[in-house]
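>>> Let me see the structure of the following:
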Amino acid sequence: MTDHLLLLIAVAALLAGVVTSLLVPVMVRVARLVRVMRVGRREAIEGREVEAREIPRLGGVAMFAGVAVACGAGAVVRWEVWSRVMAPGTVLALALGTLLVFLVGVADDLVGARPWQKFVVQLLAAWIVVAGAGWSFHHLRLPLLGQIDLGLFGPLVSILWVIGVTNAINLLDGLDGLAGGVAAIIAISLLAYAIFQDNQATAILLAAVIGACLGFLGHNWEPAKIFMGDSGSLTLGFLFGVLTLHSSLKAPAAVAILVPILALGLPVLDTLLVMAVRFLEGGDRSLSGRFLRMFSGDRSHLHHRLGGLVRRRRRIVLVLWLTAAIFCAGALAVALSGAGELGLALLLVELLVVLAMRGLGLPAVAGALAAARHSELRRRFADWWPDSSGTRPGVTLP
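Model (predicted):
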């Protein structure tokens, strides 16, 4: 990758950051004008509780504009970079899919959208990219089994991956600065991987994402002046999902799927564990009821769990930033070495770390299984096992 392209990457990040930062105050005024607000939680400042504030939630519009302006300018200045790596049809598929997810996010922020409506749009957007751009996982390497050709299941796995990552980033948006910071860290690691692969167009797009996240973060750090909303979190998740598909096309089969899973380990593993616990804690619900409960909202995500242990939310955010950075460093180590065995070992470590941070561990999972049938056992574990609201007995979230 030439110095000229590295300069283009830096300019894309800077331009996206400046545009996003300048547009955020505008979106704050727009959100207040049209009453697109979210009531923040009650806050305790220096031991004194203050009333919750109404906070605008259209920050994702500013972030989308920042990325679009930076990528558009890059395409105008150096179209040969895009055309050499991406055919016009590929660029169109990526742009259309991203636009659809962004628009459903805006609709959800403005008037609300049902989960199934967002799912259908995400499914359509993922299909457009997988089918239109041809981006898909092709191989899966497992210990003892070796390399498995996904064949016709490759596109299906890829679509599910994109939808999963899209919602994992969306569900991470629960504390001031959390989603924006973690997204920036993930994008930095994916950018380094794209540069290593000489994946130029993807690198420019990721640089724009980094700039937009950092430009937004200055307004979203506690106390937040604005939230990114679904327009931001869904769009970020979708971009991460599809760009990791693109990166996997140039990766060795041994690490093609492992690298994106490791880089996105914090939001993806947390989401999977939350869904598993919701299913296990379904009580006497039918199988269909347990399945639907997996997609219900609650306060059982990792940042909610840590809220029962750490009083200051800023510390929770910093801990999760550090965790995401360590996970991403591991993903880069696997990407650069091409060692699939190392990737599998690190994936197990990531899973254990997230389990430990959630305070669920293997004994608690066994407790969840038993508690689904025996309510008495649930009461016995109540002193140390947080319930699905994300709190421990006697502990109040800040």
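>>> in the stretch 101-250 of the chain, which spans are helices?
115-133, 153-172, 178-197, 200-220, 229-248 (DSSP state H, counting those that start in this stretch).
>>> other SSEs contacting the longest one?
Right, the one you point to is helix 200-220. The contact analysis (3 or more CB pairs under 8 Å, 6 or more residues apart in numbering; DSSP states H and E) places helix 200-220 against helix 3-34, helix 59-77, helix 79-85, helix 178-197, helix 229-248. (C-beta placed from N, C-alpha, C; glycine too.)
>>> Kindly reformat the ones you listed as CSV and extend each row with mean neighbour count.
Formatted as CSV, these follow (neighbours: other CB atoms under 10 Å):
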stretch, mean neighbour count
helix 3-34, 18
helix 59-77, 22
helix 79-85, 14
helix 178-197, 24
helix 229-248, 28
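>>> Now tell me which of those helices the model trusts least on average.
When these are compared by mean pLDDT, helix 79-85 comes last with a mean of 62.
>>> thinking again about what came up before, quick one, which of the helices of the stretch 101-250 of the chain is nearest to L266?
Between L266 and the helices of the stretch 101-250 of the chain, the shortest separation by CB to CB is 6.4 Å, and it involves helix 178-197.
>>> Now find how far off-centre that closest one is within its chain.
Relative to the centre of its chain, helix 178-197 is centred 11 Å away, using CA atoms, centre = their mean, to the nearest Å.
>>> Tell me which other helices or strands it touches.
Using 3+ CB pairs under 8 Å, 6+ apart, helix 178-197 sits against helix 3-34, helix 153-172, helix 200-220, helix 229-248, helix 258-263, helix 313-337.
>>> nearest to V106, of those helices?
For the helices and strands packed on helix 178-197, distance to V106 was read as CB to CB. The smallest value, 4.5 Å, belongs to helix 229-248.
>>> follow-up on the earlier one: for A329, which of the helices of the stretch 101-250 of the chain is the nearest?
In terms of CB to CB, the element of the helices of the stretch 101-250 of the chain nearest to A329 is helix 178-197, at 7.4 Å.
>>> these two touch, right, I261 and V255?
No - using CB atoms under 8 Å, I261 makes no contact with V255, being 9.9 Å away.
>>> Show me which of these two is the more surrounded one.
Remark: of I261 and V255, V255 carries more neighbours, 24 against 21, as counted by other CB atoms under 10 Å.
>>> Confirm that that one sits in a strand.
No - per DSSP: H, G, I helix; E, B strand; the rest coil, V255 lies outside any strand segment and is coil.
>>> Give the full set of residues in contact with it.
141, 334-335, 338-340, 343 (CB atoms under 8 Å, 6 or more residues apart in numbering).
>>> State the number of residues packed around L322.
Using other CB under 10 Å, L322 has 11 neighbouring residues.
>>> and the gap between it and L266?
To L266, L322 is 10 Å away according to CB to CB, to the nearest Å.
>>> Any chance of a markdown table for the helices and strands packed on helix 200-220, columns distance to V120?
Supplementary listing: the helices and strands packed on helix 200-220 in a markdown table, determined by distance: least, CB to CB, whole Å:
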| stretch | distance to V120 |
| --- | --- |
| helix 3-34 | 25 |
| helix 59-77 | 20 |
| helix 79-85 | 30 |
| helix 178-197 | 23 |
| helix 229-248 | 13 |
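>>> For N167, find the nearest of those.
With CB to CB as the criterion, N167 lies closest to helix 229-248 of the helices and strands packed on helix 200-220, at 6.6 Å.
>>> list the helices and strands the closest one packs on?
Helices and strands touching helix 229-248, by 3+ CB pairs under 8 Å, 6+ apart, are helix 59-77, helix 88-110, helix 115-133, helix 153-172, helix 178-197, helix 200-220, helix 258-263.
>>> Please produce TSV containing those helices, extended by distance to F227.
Shown next, in TSV, are the helices and strands packed on helix 229-248 (distance: least, CB to CB, whole Å):
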stretch	distance to F227
helix 59-77	6
helix 88-110	9
helix 115-133	17
helix 153-172	12
helix 178-197	9
helix 200-220	7
helix 258-263	24
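>>> Tell me which of the ones you listed lies nearest to T271.
The closest of the helices and strands packed on helix 229-248 to T271 is helix 153-172. By CB to CB, the value is 4.3 Å.
>>> what angle separates the closest one from helix 88-110?
Interaxial angle of helix 153-172 relative to helix 88-110 (axes from the mean of the first three to the mean of the last three CA atoms, to 10 degrees): 30 degrees.
>>> wait, what's in contact with the nearest residue to P223 once chain neighbours are set aside?
Sequence neighbours aside, D176 is the residue nearest to P223 in space, at 6.7 Å (criterion: CB to CB, 6 or more residues apart in numbering). By CB under 8 Å, 6+ apart, D176 lies in contact with 220-224, 313, 317.
>>> what does G265 give?
327, 331, 347, 350, 354.
>>> at 10 Å instead, please
Taking CB atoms under 10 Å, 6 or more residues apart in numbering, we find G265 in contact with 186, 323-324, 326-328, 330-331, 346-347, 349-351, 353-354.
>>> are any of those residues buried, and which?
The neighbour-count test (16 or more other CB atoms under 10 Å) marks 186, 323-324, 326-328, 330-331, 346-347, 350, 353-354 as buried among the contacts of G265.
>>> for the residues you listed, which one is nearest I9?
Using CB to CB, these come closest to I9 at I186, 16.6 Å.
>>> do you know how far the closest one is from I326?
As defined by CB to CB, I186 lies at a distance of 12 Å from I326.
>>> Kindly report the same for M275.
For M275, the distance to I326 (CB to CB) stands at 24 Å.
>>> about what we covered before: list residues touching both of I186 and I326?
Counting by CB under 10 Å, 6+ apart, the shared contacts of I186 and I326 are 265-266.
>>> For the residue most central in space within the chain, which non-adjacent residue is closest in space?
Central residue of the chain (CA atoms, centre = their mean): I169, 2.2 Å from the mean position. Of all residues not flanking I169 in the chain, G237 sits nearest, at 3.2 Å (CB to CB, 6+ apart).
>>> now S136
Nearest non-adjacent residue to S136 (CB to CB, 6+ apart): S158, at 4.3 Å.
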